[in-house]
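Novice: Below is the sequence, then the predicted model.
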Amino acid sequence: MSSESAPISEPARQALERELADLCDERASVSATLRDSDAVGDRADEADELQRADALARLDARIAQITTRLRRAASAGPPPTDMVGVGSTVTLRFADGAVETVQIDETAVESDRTSVTSDSPLGRALLGHRAGDSVSYDTPEGQTTAVVVSLGRQPSGGQE
């Protein structure tokens with residue numbers, strides 16, 4: 001995740017908040033299985049205890065990362081309206097003539113089929129561009145292009 005303050009879309013924020021809640025629940029479960037450090041056991045018990053401690057450390061790191069990201073997003077303000085950034089809504093015309101409006105998000109949002117992550121080939125190509133710019137990006141079928149039609153609004157009549 002980026003360490004800079006950047007806005008995120010509402011679906012991405014909700015996905016991070018759900019992940020955070022799930023991680024906190026998982027952390028509570030793992031923490032409850034850790035024994036008192038004075039308990040005596042065999043080597044297998046010690047190995048299990050070390051695995052749970054490692055899992056707890058990984059959970060704590062991810063919880064801290066998400067918490068920081070949500071806090072920074074709240075202070076970042078809205079996405080830019082004059083160039084593509086994280087949080088932007090972008091209408092694109094693809095090489096085959098199809099027009100689609102997508103949301104640039106930092107993280108994948110399962111429920112949002114119009115979400116494009118900022119670290120995907122298309123997302124990386126779009127960042128920093130303005131309406132009218134043409135971008136090239138890699139796909140499994142090879143390199144292709146798209147033109148930024150507009151930022152911040154869907155075309156009239158929704159997706160075409």
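Specialist: Done, it's in.
Novice: Give me the average confidence score over stretch 149-158.
Specialist: Stretch 149-158 carries an average pLDDT of 60.
Novice: could you say what helices and strands the helix or strand encompassing Pro11 packs with?
Specialist: Assigned by DSSP states H and E, Pro11 belongs to helix 10-33. Applying 3 or more Cβ pairs under 8 Å, 6 or more residues apart in numbering; DSSP states H and E, one finds that helix 10-33 makes contact with helix 43-76, strand 99-105. Any C-beta I mention is one placed from the backbone N, CA and C, and that applies to glycine too.
Novice: Worst mean pLDDT among these?
Specialist: Lowest mean pLDDT within the helices and strands packed on helix 10-33: helix 43-76, at a mean of 85.
Novice: between that helix and helix 10-33, how many degrees?
Specialist: 150 degrees (axes from the mean of the first three to the mean of the last three Cα atoms, to 10 degrees).
Novice: what comes into contact with the helix or strand following helix 43-76?
Specialist: Once helix 43-76 ends, the next helix or strand along the chain (criterion: DSSP H and E) is strand 89-94. Contacts of strand 89-94 with the rest of the structure, by Cβ atoms under 8 Å, 6 or more residues apart in numbering, involve 84, 99-104, 126, 144-155.
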